[in-house]
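> I would like to see how this sequence folds:
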Amino acid sequence: MNAKTVTAKTLIATPLIGLAVIGAGIGAAGIASAGTLPDNGNTIAMTIYNNTDQTMTLTGDYTSAGDFIAAPQQTLAPHSSEIVTASAANWDGLTAVVNYGVPDTNTIVTFQANNDGQGATTDGTQVDGYFAHRYDVSSNVDTAFPNMNASFTIAPNGGLVY
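Residues are numbered from 1 along each chain as shown. Purely as a prediction, here's the structure:
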């Protein structure tokens, strides 16, 4: 085998291996977010998107009842997302809260999901701190009680000049 043959095979195989790895990662992400929550009470799945240029650092998290199944990451990289899940083995209600700090701005963003028989809300989701005006946080409830799915996005406030 000469060097040209090895190089050609490497150039063809490398992208195919990369696609296989990406495909496996996408498949694993789908498995992690579907079908892994218990069915004996309330559940919450929170998809958190960090659409900033900052790495956010976890400053606190809690549930009102039950536990996190997939707890929030210690850091959430810029332009990335995570899925946080929680469950409680009852039907009385469940709240999950995740707080992240945005560095160099003394800003805390709170992502809050509330799931009970009266409905599912993201009331309590907010950005707070001296530079809170630099960011927008949005949320959406996709499915409600007893299995809540909500998505949250923090992004720079595009209308402000700094």
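
> helix or strand right after the lowest-mean-pLDDT helix or strand in the chain?
The helix or strand of the chain with the poorest confidence is helix 3-33; it has a mean of 44 (mean pLDDT, DSSP states H and E). From helix 3-33 onward toward the C-terminus, using DSSP states H and E, the following helix or strand is strand 42-50.

> pairing partners for that following strand, with directions?
Paired with strand 42-50 in the same sheet, following DSSP bridges, are strand 80-88 (antiparallel), strand 147-156 (parallel).

> now tell me what touches the last one from outside.
Yep, that's strand 147-156 we're talking about. Contacts with strand 147-156, where a contact means CB atoms under 8 Å, 6 or more residues apart in numbering, come from 37, 42-53, 56, 94, 100, 102, 109, 111, 113, 115, 120, 122, 125, 127, 134-143. In short, each C-beta sits where N, CA and C put it, glycine included.

> could I get the strands paired with strand 42-50 as JSON lines with mean neighbour count, distance to G60 and mean pLDDT?
Shown next, in JSON lines, are those (neighbours: other CB atoms under 10 Å; distance: least, CB to CB, whole Å; pLDDT from 0 to 100):
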{"stretch": "strand 80-88", "mean neighbour count": "20", "distance to G60": "13", "mean pLDDT": "97"}
{"stretch": "strand 147-156", "mean neighbour count": "20", "distance to G60": "16", "mean pLDDT": "97"}
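
> could I get those in CSV, plus columns for distance to A71?
Formatted as CSV, those follow (distance: least, CB to CB, whole Å):
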stretch, distance to A71
strand 80-88, 7
strand 147-156, 16
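
> can you name the residues bridging to the residue lying closest to Q54 once chain neighbours are set aside?
Nearest residue to Q54 in three dimensions, chain neighbours excluded: V102, at 5.1 Å (CB to CB, 6 or more residues apart in numbering). As for beta bridges, V102 partners with T107 under DSSP bridges.

> tell me how far A89 lies from P38.
Distance of A89 to P38, computed by CB to CB, to the nearest Å: 7 Å.

> no wait, N50
28 Å.

> which one of the two is surrounded by more residues?
More crowded of N50 and P38, by other CB atoms under 10 Å: N50, with 23 against 14.

> quick check: closest non-adjacent residue to that one.
L76 (4.7 Å).

> doesn't I48 make contact with the one you found?
Yes: using CB atoms under 8 Å, L76 is in contact with I48, at 6.7 Å.

> list the residues that contact both of these two?
The contact sets of L76 and I48 overlap at 82, 100 (CB under 8 Å, 6+ apart).

> domain map for the protein?
Domain assignment for the chain by automatic domain parsing gives 1-34, 40-156.
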